[in-house]
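S.K.: generate coordinates for the sequence data below:
(one chain, ligands or ions: 3)
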Amino acid sequence: MLTDIQISRAASLQRISVIAERLGLEEAAVEPYGHYKAKIDLKAAGLDGAEPRGRLILVTAINPTPAGEGKTTTSVGLADALNRIGHKTVLALREPSLGPCFGTKGGATGGGYAQVGPMEDINLHFTGDFHAITSAHNLLAAMIDNHIHWGNALDIDVRRVVWRRVLDINDRALRQIVQSTGGVGNGFPRESGFDITVASEVMAILCLARDLDDLEERLGRIVIGYTRQRQPVTASDLKAAGAMAVLLAQAIKPNLVQTLEGNPALLHGGPFANIAHGCNSVIATRAALALGDFVVTEAGFGADLGAEKFFDIKCRQAGLAPAAAVIVATVRALKMNGGIAKAELGHEDVEAVRCGSVNLIRHIENVRQFGVPVVVAINHFHSDSEAEIAVLREVAEAQGCEAHLCRHWAEGGAGAESLAHAVARIAAGGEAQFKPLYDDALPLIDKIETVAKRIYRAEGVSATPAVLAQLQRWEEAGYGHLPVCMAKTQYSFSADPTLLGAPTGHVLPVREVRLSAGAGFVVAICGEIMTMPGLPRIPAAETIRLDAQGEIEGLF
Ligand SMILES: Nc1ncnc2c1ncn2[C@@H]1O[C@H](COP(=O)(O)OP(=O)(O)O)[C@@H](O)[C@H]1O
Ligand SMILES: O=COP(=O)(O)O
Ligand SMILES: [Mg+2]
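M.R.: Ligands and ions are numbered 1, 2, ... in the order given. Modelled structure (predicted):
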């Protein structure tokens, strides 16, 4: 069996100019990065502010195994299948982070014959967007410490600087550091730390901004810390927004690549819906909606995380309304949710599928709470048995959901045509009546409780007095209208990654809250989730190398 990288390498990609032309983009709007990648200048393409004409399809999933259940793979397979059955479809995916590539999970370009390419390029440095985001983020951090070093005219309380640094690598050693040691010339020592670039508010701003002007506006609104009188200090107080926008002026342009079947894909913005909002950028999604009849986009991890944030943050801010949602379900993930250990997931166990299907049922119920019709995509793995698939299908259909067995990993778009026909019919049927889960006017703590109770089915939320006081101060400072971005484990509806299936009666512990005034949301960090992941005992990096011909080996 060929690996993803072998399949990707064997595919003959078309020149990106051909893909762009077929998409209807003028040459002047296409800025090639080599033969197979390009950035799209939306102004030159006449797409800035263009009215969306397509229908938006969200691909989400049940709670995953550590390997992921095939959201990106299914997004690619569905987009290829919709193009095969005659619908002009544009894919809108997120860009991969180096963290998982060199850590555990691998790339984010799909898999098997349902991939976007060029896979190595995209999973490594791509077009440099994450490096630009890292530089912009860390420039602001440097300007904060520099301001304090040269007299601190803004009276920043050195104990209350909340802006950390970022790096797009998993590195637990950087989570908590003491910086500016080494004497007077190095500034004022203080505790701080690094997050992974994907968790940067600059990443979220790039993903949610309407255009370059809005991006700079939002950058200026970033709250980097507080004065001794507890007043917020912003990036614009430090005159940093302009320089940060310069660093991001190329990164704000969406990236055009292609599926292995030559269909267009706009990749833009970061993943990780457990610690960020984990959606493709508004700019790329709106451009895709102006260009295609259908847009297939993804949101990270399970519907309790990525889909909820797609609905409550991205769609709310951008005025988008999804026409349908595809929940990717796998036999293996349901068995894990039914109590089977990871090492045993390859053995048939029909009862475990049935037991774990409570997880799928809850995700179906949850997505429907947003007024969005659901189709279940059974992402077929070669180890699945007929009996296990039959139970999965029966469970979905008992919920009034169509369930389509999809073989796009092994067959490409041809393996997802039945799903494509169903999605096209349901999306065109206009039954969606999208609405976010809560109103802007709900107090911040009530928004957190609403997500915890209605999506996670928690009994309630526990938060320290310091967290509650901080939320109250943000309400008084005028940030109470913002939505919340929940950071929690992707494996469970609770904050306990071992509590699988469809737990109830749990209490959601909120240990920290962070204001992302520029991105326009408040992050609630629940349980032990880390905003700087660590490398596993045996990182993928140990087997990634160049072979004798200079070709990359070991990249998933
Ligand atoms: N049907 C399948 N059979 C075998 N491997 C698959 C299948 N679907 C996905 N994969 C593999 O599983 C991994 C995760 O897939 P991905 O689409 O990235 O999941 P997600 O986007 O949900 O994290 C990838 O290595 C991919 O190649
Ligand atoms: O945000 C996480 O994305 P995946 O679920 O695609 O890994
Ligand atoms: Mg993915």
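
S.K.: the residue of the stretch 351-500 of the chain at minimum distance from ligand 2 and S8: what is the separation?
M.R.: Distance from ligand 2 to each residue of the stretch 351-500 of the chain (CB to the nearest ligand atom) is smallest for Q490, at 7.0 Å. Just so you know, the C-beta spots here come from the backbone N, C-alpha and C atoms, and that holds for glycine as well. Look at Q490 and S8: by CB to CB, to the nearest Å, they are 26 Å apart.

S.K.: more neighbours: which of the two?
M.R.: S8 (27 against 22; other CB atoms under 10 Å).

S.K.: excluding its backbone neighbours, what's nearest the more buried one?
M.R.: M119 (3.8 Å; CB to CB, 6 or more residues apart in numbering).

S.K.: and what of N263?
M.R.: Distance criterion CB to CB, 6+ apart; nearest residue to N263, sequence neighbours excluded, is N83 at 4.8 Å.

S.K.: what about that neighbour, which SS state?
M.R.: helix (DSSP: H, G, I helix; E, B strand; the rest coil).

S.K.: that one: what's it in contact with?
M.R.: 89, 261, 263, 413 (CB atoms under 8 Å, 6 or more residues apart in numbering).

S.K.: wait, isn't the first one in contact with T297?
M.R.: No: because the distance of 11.0 Å does not satisfy CB atoms under 8 Å, T89 is recorded as not touching T297.

S.K.: give me the more crowded residue out of those two.
M.R.: For the pair T89 and T297, the greater number of neighbours falls to T89 (30 against 27), based on other CB under 10 Å.

S.K.: host element of the closest residue to ligand 3 within the chain?
M.R.: Residue of the chain nearest ligand 3, by CB to the ion: T72 (3.3 Å). Assigning secondary structure by DSSP states H and E places T72 in helix 71-84.

S.K.: name the next helix or strand following that helix along the chain.
M.R.: Using DSSP H and E, the helix or strand that follows helix 71-84 in sequence is strand 89-93.

S.K.: what is the orientation angle of that following strand with helix 71-84?
M.R.: With axes from the mean of the first three to the mean of the last three CA atoms, to 10 degrees as the basis, strand 89-93 and helix 71-84 are set at 170 degrees to each other.

S.K.: partners of strand 89-93 in the sheet?
M.R.: Sheet pairing here is set by DSSP bridges, and for strand 89-93 it gives strand 264-267 (parallel), strand 294-298 (parallel).

S.K.: in JSON lines: those, plus mean pLDDT.
M.R.: As requested, those are exported to JSON lines (pLDDT from 0 to 100):
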{"stretch": "strand 264-267", "mean pLDDT": "98"}
{"stretch": "strand 294-298", "mean pLDDT": "98"}
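
S.K.: nearest to R537, of those?
M.R.: Nearest to R537 among the strands paired with strand 89-93 is strand 294-298 (29.1 Å), distances taken as CB to CB.

S.K.: picking that back up, name the nearest residue to the residue of the stretch 351-500 of the chain closest to ligand 2, sequence neighbours excluded.
M.R.: In space, Q490 is closest to F301, 3.8 Å off (CB to CB, 6+ apart).

S.K.: contacting residues around that neighbour?
M.R.: F301 sits next to 61, 63-64, 273-274, 278, 490 when contact means CB under 8 Å, 6+ apart.

S.K.: pretty sure A209 sits against R221.
M.R.: No: when contacts are counted by CB under 8 Å, A209 is not listed as touching R221 (11.4 Å).

S.K.: comparing the two, which residue is more hemmed in?
M.R.: A side-by-side neighbour count of A209 and R221, using other CB under 10 Å, places A209 first with 26 against 19.

S.K.: now do the contacts for that one.
M.R.: Counting by CB under 8 Å, 6+ apart, A209 touches 215, 218, 252, 281-283.

S.K.: what backbone torsions are found at it?
M.R.: Torsion angles at A209 (phi, psi; degrees, to the nearest 10) stand at phi -70, psi 150.

S.K.: and E21, how many neighbours does it have?
M.R.: By other CB under 10 Å, 13 other residues sit near E21.

S.K.: quick check: closest non-adjacent residue to it.
M.R.: According to CB to CB, 6+ apart, the nearest residue to E21 is E27 (7.7 Å).
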